[in-house]
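K.L.:
below is the sequence, then the predicted model.
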There are 2 protein chains.
Amino acid sequence: MPRELTIGDLHDLARGAALLGTGGGGDLYVGRLMVESAIADGGRVELLALEEVPDSGLIIPTAMMGAPTVLVEKIPSGDEAVRSLQTLERHLGRKAFATMPIECGGINSTMPLVVGARLGLPVVDADGMGRAFPELQMETFHVYGVSGTPMVITNEYGDSTIVNARDNAMMEWLARGVAVRMGGAAYIAEYSMDGETAKRVSIPGTLTLGIEIGRCLREARERHDDPFGALIEMLKRTPYSNGRILFEGKVTDVLRRTTDGFVRGNATLESSSGSVLGLEFQNEHLVARVDGEVRAIVPDLICVLEAETAESITTEQIRYGQRVKVMGISTPGIMRTPEALAVFGPAGFGLDEEWKPVETLGA
Amino acid sequence: MPRELTIGDLHDLARGAALLGTGGGGDLYVGRLMVESAIADGGRVELLALEEVPDSGLIIPTAMMGAPTVLVEKIPSGDEAVRSLQTLERHLGRKAFATMPIECGGINSTMPLVVGARLGLPVVDADGMGRAFPELQMETFHVYGVSGTPMVITNEYGDSTIVNARDNAMMEWLARGVAVRMGGAAYIAEYSMDGETAKRVSIPGTLTLGIEIGRCLREARERHDDPFGALIEMLKRTPYSNGRILFEGKVTDVLRRTTDGFVRGNATLESSSGSVLGLEFQNEHLVARVDGEVRAIVPDLICVLEAETAESITTEQIRYGQRVKVMGISTPGIMRTPEALAVFGPAGFGLDEEWKPVETLGA
């Protein structure tokens, strides 16, 4: 049974998907407003569980790609990704049965909701990252053998580009070049696949997970309860079962530059006891080191949260003086296989450290 | 009546198209070998005069785009532009009646000959530049209202990109980004149009002109005659009627860098009497100043030729110590209208000088 999302669900999703964004994924405020606008215009957002999709149904995932720093100033109307999907339908000569997120963290959790509401398509409750990642081949879709191309990239002026690439790394390389020339943020339809394939290669239930994380944080705040404790308890009942606070302290230094279509940089935090946390990011947080020792590393989640409210702080918002708690959260098994780690583990980002599960690292 | 090109014609075309390349347009040696290989495989190269094309026949021009410096090391097989045309046919849902050069200077005079020979399509004896220019909107096709998109960009690995852009400047911007990410040289099909349109917006007879220039230089050398004098006489009977020697001297300095997908730079030459010629180029020579005074400027041709043989020297070959003659050659009226000069006159290249016909400049 499809489930229709309410405006309340969207507020919870915005909060939960920001956490799954692990610092990246773009501004959820903009994302939520786009969906609300589509609903105000008479659209409905219907979530469909992965197992409800017919095996032969064509799924066309939709998303934004680019640097989150750009999106803050170059705000989408919501129609861009609709055109991406329609252009890909024409290129394939087939109509989509549903759309789906490629990424359930950040604004890309809401982009397919806009597309679904505008076109009357259901949205599959699953994704290919289980969080946010900066590059298009960093997908379980890719890890488990789906071609990302043909893909479509559009912008707000109606320019579009259809990419066919020999592999998904080349797709990322070419598409990133186009996105940069479109102004650093663009809108895509890619990894089209049938329902049978989607059931094999996707991380199920991640939109619902985002809503549940957001609801958990909201309800804890409403109860004047500790939102961190509530979240850690709630996560135990999900495939992201192991959440822990890695560090508590103050942001003392941030280096950030928007280059080659990404936000790259690092941040330093100090605790009251003089411990130092170093974070490295490429759109998303990649590694957290406390006094030089790795405490969490991709693909496990590294979440920088405001110390009282547990509101997420993105890599473009993080700044000197913020008081934060930094959480590490374990990821589902499908994201931790050797094939998956080869793509979006430490080596996928040029980091020297070997991957170790966050639940085995430090105290 | 289509006219079949011989191997001898190709040698003449290589020499003549190099001159029309005005320093750019890529290495004709590679271009000629590709056509000879297509003929050796049983292909035929058939030239069709512009007026012989049916009004409703679909013409799909084909070309290389990128920096000529790259092409010297990243040599095409000849199949790349064939795939570009075929991909555009599929996207349009129509078959091409013929292909055509977008540019009759440099390797792009031969690229459509390869495509024609491989696919059994005639090649229209006309182009959209009447010489070589570095950017895709620098076309009489564009000046007189034809959309360059949908266009296809391919590389030697079978990657392809279909661009649809709001205008031809955006097409150039996006396509250049893709070409750079494909390694600095790529293969395109663009400005598809019917025969009726082609007759209105093209520069007719430019492949034949390239062959005639090459033949003129060859025959003068065979006669031990002055090739420069012979060329100037021959040009009088063409729409490029006013050829003159602007300077004779030695190359004393060259600054050249390959950046953003172009070769940019300048060269300095000194005559025996101490005069100094300054050349600026972006793939092609843009302006020639003798002792600071403009003597020829785009779109008129500025050709750097070996002082004895009149063999063309490209902007990637020019180097200290070469003894050369530099010619200025007038261009046809269709390239000198106010609309044309706005696109590929001095202002199109950011040059401050106003355009003046080469035949009115200096002595």
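P.N.:
Arrived safely, thanks for sending. Numbers count the residues shown, from 1 in each chain, chains lettered A, B, ... in the order given.

K.L.:
A:Leu301: neighbouring residues, count only.
P.N.:
Using other C-beta atoms under 10 Å in any protein chain shown, A:Leu301 has 26 neighbouring residues. C-beta: built from backbone N, CA, C; applies to glycine.

K.L.:
so it bridges to which residues?
P.N.:
A:Ile329 (DSSP bridges).

K.L.:
quick one: furthest residue from the center of chain A?
P.N.:
In chain A, counting by C-alpha atoms, centre = their mean, A:Ser273 sits farthest out from the average C-alpha position, at 33.1 Å.

K.L.:
what sits against that one?
P.N.:
Listed by C-beta atoms under 8 Å, 6 or more residues apart in numbering or on different chains, the contact set of A:Ser273 is empty.

K.L.:
A:Ile318 too?
P.N.:
A:Gly23, A:Val251, A:Val254, A:Ala267, A:Val304.

K.L.:
ranking the residues you listed by neighbours, who comes first?
P.N.:
Busiest of the contacts of A:Ile318 [other C-beta under 10 Å] is A:Gly23, holding 30 neighbours.

K.L.:
so that residue touches A:Cys303, yeah?
P.N.:
Yes - under the criterion of C-beta atoms under 8 Å, A:Gly23 makes contact with A:Cys303 at 7.5 Å.

K.L.:
what about the contacts of A:Ile318, which are in helices?
P.N.:
Among the contacts of A:Ile318, no member is found in helices (DSSP state H).

K.L.:
of those residues, closest to chain B?
P.N.:
Chain B has its nearest neighbour among the contacts of A:Ile318 in A:Gly23, at 26.8 Å by C-beta to the nearest C-beta.

K.L.:
quick one, what contacts the closest one?
P.N.:
With C-beta under 8 Å, 6+ apart, A:Gly23 has these contacts: A:Phe281, A:Asn283, A:Glu284, A:His285, A:Ile302, A:Cys303, A:Val304, A:Ser312, A:Ile313, A:Thr314, A:Thr315, A:Ile318.

K.L.:
residues touching the closest residue to A:Pro101 other than its chain neighbours, list them.
P.N.:
The shortest distance from A:Pro101 to any non-neighbouring residue, by C-beta to C-beta, 6 or more residues apart in numbering or on different chains, is to A:Asp127 (4.1 Å). The contact partners of A:Asp127, by C-beta under 8 Å, 6+ apart, come to A:Met100, A:Pro101, A:Ile102, A:Glu103, A:Cys104, A:Ser109, A:Ser202, A:Ile203, A:Thr206, A:Leu207.

K.L.:
enumerate every residue touching the second one.
P.N.:
Each residue near A:Pro101 by C-beta under 8 Å, 6+ apart is listed here: A:Pro61, A:Ala63, A:Asn108, A:Ser109, A:Met111, A:Pro112, A:Val123, A:Ala126, A:Asp127, A:Gly128, A:Thr206, A:Leu207.

K.L.:
report the beta-bridge partners for the second one.
P.N.:
Right, A:Ala63. A:Ile188.

K.L.:
A:Thr149 touches A:Glu172, doesn't it?
P.N.:
No - contact criterion C-beta under 8 Å: A:Thr149 and A:Glu172 do not qualify, at 10.3 Å.

K.L.:
and the residue lying closest to A:Ala230 once chain neighbours are set aside, how far from A:Ala132?
P.N.:
In space, A:Ala230 comes closest to A:Ala220 once its chain neighbours are excluded; the distance is 3.8 Å by C-beta to C-beta, 6+ apart. Applying C-beta to C-beta, to the nearest Å, the value for A:Ala220 to A:Ala132 is 23 Å.

K.L.:
tell me which of these two has more neighbours.
P.N.:
Set side by side, A:Ala220 and A:Ala132 show more neighbours around A:Ala132, with 30 against 20, by other C-beta under 10 Å.

K.L.:
okay, and that one sits in which element?
P.N.:
Per DSSP states H and E: A:Ala132 is located in neither a helix nor a strand.

K.L.:
now do the contacts for it.
P.N.:
Per C-beta under 8 Å, 6+ apart, neighbours of A:Ala132: A:Leu20, A:Gly21, A:Thr22, A:Gly24, A:Gly25, A:Glu103, A:Cys104, A:Gly105, A:Gly106, A:Asn108, A:Asn283, A:Glu284.

K.L.:
what does the stretch 101-250 of chain A put close to chain B?
P.N.:
Taking C-beta under 8 Å from any C-beta of the partner chain as the criterion, the stretch 101-250 of chain A approaches chain B at residues A:157-166, A:170, A:173-174, A:176-178, A:180-182.

K.L.:
again, only this time at 10 Å
P.N.:
Within the stretch 101-250 of chain A, the positions lying close to chain B (C-beta under 10 Å from any C-beta of the partner chain) are A:149-155, A:157-167, A:170-171, A:173-182.

K.L.:
next step: those residues restricted to helices.
P.N.:
Among these, the ones falling in helices (DSSP H) are A:Met170, A:Met171, A:Trp173, A:Leu174, A:Ala175, A:Arg176, A:Gly177, A:Val178, A:Ala179, A:Val180, A:Arg181.

K.L.:
how's chain A carved up into domains?
P.N.:
With domains defined by automatic domain parsing, chain A comprises A:3-204, A:240-360.

K.L.:
list the contacts for the closest residue to A:Ala307 other than its chain neighbours?
P.N.:
Excluding the flanking residues, the one nearest A:Ala307 by C-beta to C-beta, 6+ apart is A:Arg323, at 4.4 Å. Listed by C-beta atoms under 10 Å, 6 or more residues apart in numbering or on different chains, the contact partners of A:Arg323 are A:Glu248, A:Gly249, A:Lys250, A:Val251, A:Leu269, A:Glu306, A:Ala307, A:Glu308.

K.L.:
which residue packs closest to the last one, ignoring adjacent ones?
P.N.:
So the one you mean is A:Glu308. Excluding the flanking residues, the one nearest A:Glu308 by C-beta to C-beta, 6+ apart is A:Arg323, at 7.9 Å.

K.L.:
what's the pLDDT at the one you found?
P.N.:
On the pLDDT scale, A:Arg323 is placed at 98.

K.L.:
next, it: phi, psi?
P.N.:
Taking degrees, to the nearest 10, you get phi -100, psi 120 for the backbone angles of A:Arg323.
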